[in-house]
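[1] any chance you can model this:
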Amino acid sequence: MPDLGRLWRSEFALPDTFWSWTFFGGLAVKAASSALFVLLIDTDRTVLTLIAGYGPSVPYNVVVTMGLWRSAKHYQGNDAGLIWPA
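    The predicted structure is shown next:
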């Protein structure tokens, strides 16, 4: 959890923020919340299913988006050798 605070304050470099937190971290959080959603969808607990499906994903995406945005504002590096999605 302390790393999420560092991410929020944009203490990570832009490439690290994008690839580690936005891409791979987002993939892991979305896969876990989707798996919970699929497991709970057959039950009649719709509120619990919605919380399990969106509860972890939405706050994570807000924190990561703000961290990525702030890291991009501070980025002064060279793009040579970096792989960015187009």
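
[2] where along this protein do the helices fall?
    According to DSSP state H, the chain carries its helices in the segments 2-8, 14-16, 26-40, 46-54, 57-74.

[3] so which bits of stretch 62-75 are buried?
    Using 16 or more other C-beta atoms under 10 Å as the test for burial, stretch 62-75 gives Val63, Val64, Gly67, Leu68, Arg70, Ser71. Heads up, the C-betas are built off the backbone N, CA and C, glycines and all.

[4] isn't the third one up against Thr17?
    In this case it means Gly67. Yes. Here Gly67 reaches Thr17: they are 5.7 Å apart, a contact under C-beta atoms under 8 Å.

[5] overlap in contacts, these two.
    Common contacts of Gly67 and Thr17 (C-beta atoms under 8 Å, 6 or more residues apart in numbering): Leu7, Ser10.

[6] if I look at the residue nearest in space to the middle of the chain, how far off is Arg9?
    Centroid-nearest residue in the chain: Gly26, 3.7 Å away (criterion: C-alpha atoms, centre = their mean). Distance of Gly26 to Arg9, given as C-beta to C-beta, to the nearest Å: 19 Å.

[7] count the residues that sit near Arg45.
    Neighbour count for Arg45, taken as other C-beta atoms under 10 Å: 12.

[8] before we move on, back to that, can you list the helices of the chain in TSV and add mean pLDDT?
    Shown next, in TSV, are the helices of the chain (pLDDT from 0 to 100):
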stretch	mean pLDDT
helix 2-8	88
helix 14-16	90
helix 26-40	93
helix 46-54	90
helix 57-74	92
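
[9] so who does the residue nearest to the centre of the chain touch?
    Gly26 sits in contact with Tyr60, Asn61, Val64, where contact means C-beta under 8 Å, 6+ apart.

[10] which residue packs closest to the second one, ignoring adjacent ones?
    Same thing as Asn61. Gly26 (6.9 Å; C-beta to C-beta, 6 or more residues apart in numbering).
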